[in-house]
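Chemist: Sequence first, predicted coordinates after that:
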Amino acid sequence: AQGEFGSAWDAYAHRWRSDDHEPARHFDAPLWAGQALASKKLLIWGEQAVGDELMFATMYDELANMASDIHVETEFRLLPLFQRSFPQFKIYPRRTPPAYSLLKQKFDYQIAAGDLGRYLRRARTDFAASQPYLKVDADHRTRFRKAYAARANGRPIIGISWQSGNEHSGVPRSIPLKDLRPLISDNSLIFVNLQYGETDVDLTTLRNMGCAIIDDARVNPLTDMDLAAAQITAMDLVVSAANTTAHLGGALGIPTWVALAKTPDWRWLAKGMESPWYPNVRLFRQTEIADWREPVAQIISALRDQRDSMLL
C-alpha cells in the first residue's frame, strides 16, 4: 500500500504459510523464480478471487515475450475471456483436483499468479508494463452499445456498481444507495446496472428514490463473465465500488472510476488518484471513515467537467 514493492512482494509470499489463505496448488514442477524462460514450459495457476486474477493477469503479456509455451489455469468464468485475450496460451479451467490434462504434463516451472509481481513488478516503474488486455466478443459489444445508445438519446452511458460481495471486507467497500442518489438521479446521464448478485431490492430502492437505471436481464456476471465484459465495453464510463466490476473495467481499457474506502485494499495503494495496475482507472477516496459523500461528490464534479469528452 505504501508502494514499497520490492520488500512487499517478498513478504506477500507469507500467505502460503497462513491458515487464513487458500492452500497452494501442487504441481510436479519447480517454482519459477525469475529464471530465463526461453524454450521453457511454464504453468501459471490463478488464485484468490476473480478480481485478483484479472489484476495479476496484467503481467501475462510480459511473460508472453519471455516464454513461448505458457499454460494458465483459471477460474472457469474467465476461460473464454482469457482464451480470446491470450490466444498463444493454453488455458484450463481450475478444478480440484486439477484437470488430468494438466497433471499429466511436464512443466519446467510453475508459479501462482499472485507471485509474479515478485519478479515482474518490483518498482513502481515496472508497472508501466501493466496495460489493458482483455478482448470481448465484438458482436456482443455492438448489440449492447446499440441497445443502450437507443435509450440514451445522446446522453453519456454510465455503468454503475456499488457493492462488494467479499464476505470479509465487502461491507466497508460497498457504497450505500442513499449516498449514490445524488449521482444516479442526474437525468442528463443514463445509468446501466453492472452490479452482480441479488439486486432486485436495491434496484427497487433506487427507482423509489427517483433514479432511472437500466437493468439488462441478459447479463449475469456470476454465470457468464464473458457477456458481462462485453456489456462493460458498451459503456462510456464505469463508476464502481472496489469490486470485480472495477477490475473488469480496468482490464478492458474502459474509463473506470473507483470509489475507495478510507483504508482501501493494498492494491489501490494508500494515496493518489492513479492505479498502478490499470492506466485507465481513476481513484476517488474517502476522507473520513465510512463517509461516502466526498468521493461521490468528487465523481459528480469530474463527470460535469468531462461530460462532453466522454461521448464515444
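Modeler: Ah, there it is. Numbering: from 1, shown residues only.

Chemist: In the stretch 151-300 of the chain, what residue spans correspond to strands?
Modeler: Using DSSP state E, counting those that start in this stretch, the strands found in the stretch 151-300 of the chain span residues 157-161, 190-193, 213-214, 237-241, 256-260, 281-285.

Chemist: how distant is the third one from the center of its chain?
Modeler: Put plainly, it is strand 213-214. Remark: strand 213-214 is offset 22 Å from the chain centroid, using CA atoms, centre = their mean, to the nearest Å.

Chemist: try the second one
Modeler: Centroid separation between strand 190-193 and its chain, computed with CA atoms, centre = their mean, is 19 Å.

Chemist: residue contacts, the nearest residue to residue 295 once chain neighbours are set aside?
Modeler: The shortest distance from residue 295 to any non-neighbouring residue, by CB to CB, 6 or more residues apart in numbering, is to residue 284 (4.0 Å). Quick note: C-beta positions are derived from backbone N, CA and C, even for glycine. Neighbouring residues of residue 284 by CB atoms under 8 Å, 6 or more residues apart in numbering: 257, 258, 259, 260, 273, 295, 296, 298, 299, 302.

Chemist: so the third one bridges to which residues?
Modeler: For residue 259, the beta-bridge partners under DSSP bridges are residue 241, residue 284.

Chemist: what about it, how many neighbours?
Modeler: 28 (other CB atoms under 10 Å).

Chemist: Where does the residue lying closest to residue 68 once chain neighbours are set aside sit, in terms of helix or strand?
Modeler: Leaving aside its sequence neighbours, residue 68 sits nearest to residue 39 (CB to CB, 6+ apart; 7.3 Å). Using DSSP states H and E, residue 39 is not contained in any helix or strand.

Chemist: wait, residue 39 sits on residue 66?
Modeler: No: applying CB atoms under 8 Å as the test, residue 39 and residue 66 come out as separate, 11.0 Å apart.

Chemist: who's more crowded, those two?
Modeler: Counted by other CB under 10 Å, residue 39 and residue 66 do not tie: residue 66 has more neighbours, with 15 against 9.

Chemist: where's that one, which helix or strand?
Modeler: Using DSSP H and E, residue 66 falls outside every helix and strand.

Chemist: So it versus residue 127, what's the distance?
Modeler: 17 Å (CB to CB, to the nearest Å).
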